[in-house]
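[1] dropping a prediction and its sequence here:
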Amino acid sequence: MPSNFVAKGADGYEAIMGRWSRRLAEPFLDFSGVPPGGCVLDAGCGTGSLTLALAAYLNLAAIEAVDFEEDFVTALRKRTTDPRIKAQKGDICALPHGDGEFDGVYSLLVLHFASDPHRAVREMRRVLRPGGTAAAAVWAYGGMPSWRLFWDAIVAIEPEAADKSPTSAKRPMTGEGELREVFEHAGFADVADTVLAIRMDYANFEDFWYPMVYGQGTFGGFFDGLPETRRDRLRDAVRAAYLGGDSDGPRGFASVAWAVRGTA
Ligand SMILES: C[S@@+](CC[C@H](N)C(=O)[O-])C[C@H]1O[C@@H](n2cnc3c(N)ncnc32)[C@H](O)[C@@H]1O
């Protein structure tokens with residue numbers, strides 16, 4: 001299995017993460033740099049947050065996008081009529097492209113889900129022309145306080161939910177310097193890394209709660225299988241944590257990602 005990502009449909013993904021990866025795409029591309037023309041690849045495109053951000057660069061001639069989830073690829077195709085965009089199902093550990101095809105290759109929030117991130121980064125380098133740029137970003141371990149708040153409240157009450165929690169164990173690539181190391185190992189030159197920050201803004205508790213329960217992963221099935229009293233206890237605990245003693249309404253959580261870039 002080349003991916004450890006548990007998808008729950010494109011709409012669920014949009015609500016839990018797509019709205020935030022769209023926000024992260026802009027500073028990520030500012031840091032990565034986009035070539036003044038030519039062809040680029042979004043490796044692990046999901047529902048297209050980064051692909052569509054690349055499409056704002058009107059000089060690009062072609063924008064290819066690859067993801068392991070057919071459903072996400074279909075959702076991306078529905079979101080655009082830009083003739084430069086071609087989205088297909090594929091594995092970033094064995095990219096369906098020839099050597100040196102691209103001027104830029106980007107991967108946003110993917111490498112910590114790839115079964116073999118070293119291989120994926122070698123593939124990113126293989127499909128770049130010499131002198132082309134590759135860049136990647138992943139959420140930092142502990143870098144999403146809104147997710148920590150949710151899972152800490154859940155696991156304190158239902159410890160057996162811990163194995164559903166993406167925050168319970170550190171994923172590869174999410175520690176400081178790990179992305180940089182894998183890029184250096186793959187033979188990239190001029191490797192540079194940085195920290196990117198965005199705010200995850202929720203309108204109210206419902207806007208926070210529902211996507212977290214049903215947007216991604218296996219927690220929704222676990223939650224639905226609990227008796228009503230235990231479901232209510234969980235919801236009340238997360239609600240209290242979200243509200244923080246204040247009335248319901250908007251909350252914003254600063255979230256940070258590691259990013260790296262290198263030249264082939
Ligand atoms: C958190 S999502 C990020 C999607 C998108 N880049 C974004 O920023 O919204 C992670 C994505 O990586 C994809 N993925 C994980 N491993 C993969 C692999 N080996 N090949 C292709 N896609 C992969 C998943 O299917 C999922 O769409």
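    Everything's here; your move. Here the structure is a predicted model, which means the values were calculated and not measured. Residues are numbered from 1 along each chain as shown.

[2] tell me which residue is most central in this structure.
    In the chain, the residue lying closest to the centroid (Cα atoms, centre = their mean) is L109, at 2.9 Å.

[3] so who does the residue nearest to that residue when sequence neighbours are not counted touch?
    Nearest in space to L109, with sequence neighbours left out and distances taken as Cβ to Cβ, 6 or more residues apart in numbering, is S21 at 5.6 Å. All C-beta atoms are positioned from the backbone trio N, CA, C, and that covers glycine. Contacts for S21 (Cβ atoms under 8 Å, 6 or more residues apart in numbering) come out as G46, S49, L50, L108, L109.

[4] okay, strands next: where are they in the stretch 101-250 of the chain?
    Per DSSP state E, counting those that start in this stretch, the stretch 101-250 of the chain carries strands over the ranges 102-108, 128-139, 189-202.

[5] can I assume the residue nearest to the centre of the chain is in contact with A137?
    Yes. L109 lies in contact with A137 (Cβ atoms under 8 Å); the separation is 6.6 Å.

[6] which residues do those two both contact?
    Jointly contacting L109 and A137 under the rule Cβ under 8 Å, 6+ apart are L24, A257.

[7] lowest-pLDDT helix or strand in this protein?
    When the helices and strands of the chain are compared on mean pLDDT, DSSP states H and E, helix 219-224 comes out lowest with a mean of 88.

[8] so where's the stretch 1-150 of the chain uncertain?
    1-3, 5, 7 (pLDDT under 70).

[9] so which bits of the stretch 1-150 of the chain are right by the ligand?
    Within the stretch 1-150 of the chain, the positions near the ligand by Cβ under 6 Å from any ligand atom are 2-3, 5, 17-18, 21, 44-46, 49-50, 66-69, 72, 91-93, 108-110, 113-114.

[10] next step: those residues restricted to strands.
    If you go by DSSP state E, these have V66, D67, L108 in strands.

[11] who does the first one bridge with?
    I take that to be V66. Beta-bridge partners of V66, counted by DSSP bridges, are A43, Q88.

[12] quick one, what contacts the closest residue to the ligand within the chain?
    At 2.4 Å from the ligand, G46 is the closest residue in the chain, using Cβ to the nearest ligand atom. Contact partners of G46, counting by Cβ under 8 Å, 6+ apart, are Y13, M17, G18, S21, D67, E69, F72, L76, L109, V110.

[13] as a markdown table, these with distance to L179 would be great.
    Supplementary listing: those in a markdown table, determined by distance: Cβ to Cβ, whole Å:
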| residue | distance to L179 |
| --- | --- |
| Y13 | 22 |
| M17 | 19 |
| G18 | 22 |
| S21 | 16 |
| D67 | 20 |
| E69 | 22 |
| F72 | 22 |
| L76 | 24 |
| L109 | 12 |
| V110 | 11 |
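
[14] how deep is R199 tucked in, by neighbour count?
    Using other Cβ atoms under 10 Å, R199 is surrounded by 12 other residues.

[15] I meant D71, not that one.
    Neighbour count for D71, taken as other Cβ under 10 Å: 16.

[16] hang on, isn't it packed against G9?
    Yes. If you go by Cβ under 8 Å, D71 and G9 touch, sitting 6.3 Å apart.
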